[in-house]
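Chemist: pasting a predicted model and its sequence here:
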Amino acid sequence: MVLCQPFCDDFILLICVLDIPGPSAKPSVKDVCSTKVTVSWTKPKFDGGTTILGYILECRSVPSQDWTKCNASTITDTTYTVTGLEENTTYQFKIAAENKLGIGPFGEESQDVTTLGKKNLKSAKLLGLINSS
């Protein structure tokens, strides 16, 4: 956009560069149960010059190389509880941010996290390490 008064020698040129968001930070996993975990992350350092509309969360069971989308609709918060996981299975998670120009690259994968089996879940509840819900 160029703004100039008639017959002037000076003008102002404003340039606004928009892009897809940068990668989100490495997600952290907490509240590990037998079939669900809670994943949280921080917003990407670069939002692409426009508002972040939401996030895409993917997971895989280790050692598989196949990633699966965890959310049916866009996640608008920076925390999400993933349900429907298999007991006593090791998973990794990764996040990508989305703005009006598209989906940015996925960030670094989470550390491996293993869901609890029934025996471990009972012990963890007795020790007060997790909620009994």
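Modeler: All right, it came through fine. Bear in mind the structure is a predicted one, so any value in this text is a computation, not a measurement. Numbers count the residues shown, from 1 in each chain.
Chemist: not counting its neighbours along the chain, what's nearest residue 83?
Modeler: Excluding its sequence neighbours, the residue lying closest to residue 83 (CB to CB, 6 or more residues apart in numbering) is residue 36, at 4.5 Å. All C-beta spots, glycine's among them, are computed from the backbone N, C-alpha and C.
Chemist: wait, that neighbour touches residue 85, no?
Modeler: Yes. In this structure, residue 36 is within contact of residue 85 by CB atoms under 8 Å, at 6.1 Å.
Chemist: just give the number of residues close to the nearest residue to residue 58 once chain neighbours are set aside.
Modeler: In space, and not counting its chain neighbours, residue 58 is closest to residue 67: 4.3 Å by CB to CB, 6+ apart. Residues near residue 67, counting by other CB atoms under 10 Å, number 14.
Chemist: where is the longest strand in the protein?
Modeler: Counting by DSSP state E, the longest strand found in the chain is strand 90-99.
Chemist: partner strands of it, with direction?
Modeler: Paired strands of strand 90-99, with direction, are strand 54-61 (antiparallel), strand 102-103 (antiparallel), strand 113-114 (antiparallel) (DSSP bridges).
Chemist: what residues of the longest one count as buried?
Modeler: Going back to what we said before, that points to strand 54-61. By 16 or more other CB atoms under 10 Å, the buried positions in strand 54-61 come out as 54-60.
Chemist: circling back: got any residues that touch both of residue 36 and residue 85?
Modeler: Common contacts of residue 36 and residue 85, defined by CB atoms under 8 Å, 6 or more residues apart in numbering, comprise residue 115.
Chemist: ok, the residue nearest to residue 58 to residue 19 distance?
Modeler: 23 Å (CB to CB, to the nearest Å).
Chemist: tell me the helix or strand right after the lowest-mean-pLDDT helix or strand in the chain.
Modeler: When the helices and strands of the chain are scored by mean pLDDT, DSSP states H and E, strand 2-3 comes last with a mean of 51. Next helix or strand after strand 2-3 toward the C-terminus (DSSP states H and E): strand 12-13.
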